[in-house]
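Student: Sharing a sequence plus its predicted fold:
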Amino acid sequence: MSDIKEKIEQEREEARTVCDASGATSAECAAAWDAVEELQAAASHQKEVVEPKNSLEQYCDDNPDAAECRIYDD
């Protein structure tokens, strides 16, 4: 996971450099930030895959109306 965080930081720096050189409204700048967003989405997806649901979460997915699964607003 730390490898992808490092890659995100590298892409952010590169995006900043590209935007400084070509302008904040350039296509190159937009593409550079799109690459950062894609990496962030991949990191988020990896986190979901790595952290499996516990037994209560699985039960509530199958039985959302069960008393144990109710969520009350404050």
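Tutor: Alright, I've got the coordinates. None of the values given here were measured: they were computed from a predicted structure.

Student: make it CA atoms for all contacts and neighbour counts henceforth
Tutor: OK.

Student: and the helix or strand containing Arg16, average pLDDT?
Tutor: Using DSSP states H and E, the element containing Arg16 is helix 2-22. Here helix 2-22 scores 92 as its mean pLDDT.

Student: counting contacts, what elements does that helix pack onto?
Tutor: helix 27-50 (3 or more C-alpha pairs under 8 Å, 6 or more residues apart in numbering; DSSP states H and E).

Student: For the chain, which residue occupies the most central location?
Tutor: For the chain, Ser44 is the residue whose C-alpha lies nearest the centre (C-alpha atoms, centre = their mean; 3.3 Å).

Student: hmm, back to that, and the helix holding Arg16, which residues are buried?
Tutor: By 16 or more other C-alpha atoms under 10 Å, the buried positions in helix 2-22 come out as 8, 11-12, 14-16, 18-19.

Student: any chance of the residues you listed in TSV, plus distance to Glu51?
Tutor: Conversion of the buried residues of helix 2-22 to TSV gives the following (distance: C-alpha to C-alpha, whole Å):
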residue	distance to Glu51
Ile8	21
Glu11	25
Arg12	26
Glu14	30
Ala15	30
Arg16	32
Val18	35
Cys19	36
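
Student: Quick check, pLDDT for the residue of the chain most remote from its centre.
Tutor: Here the chain reaches farthest from its C-alpha mean at Ala67, the gap being 31.6 Å by C-alpha atoms, centre = their mean. Ala67 is assigned 91 on the pLDDT scale.

Student: go on, Val49?
Tutor: Looking at Val49, its pLDDT reads 64.

Student: Give me the contacts around stretch 18-32.
Tutor: Counting contacts by C-alpha atoms under 8 Å, 6 or more residues apart in numbering, the residues outside stretch 18-32 that touch it are 11, 14-16.
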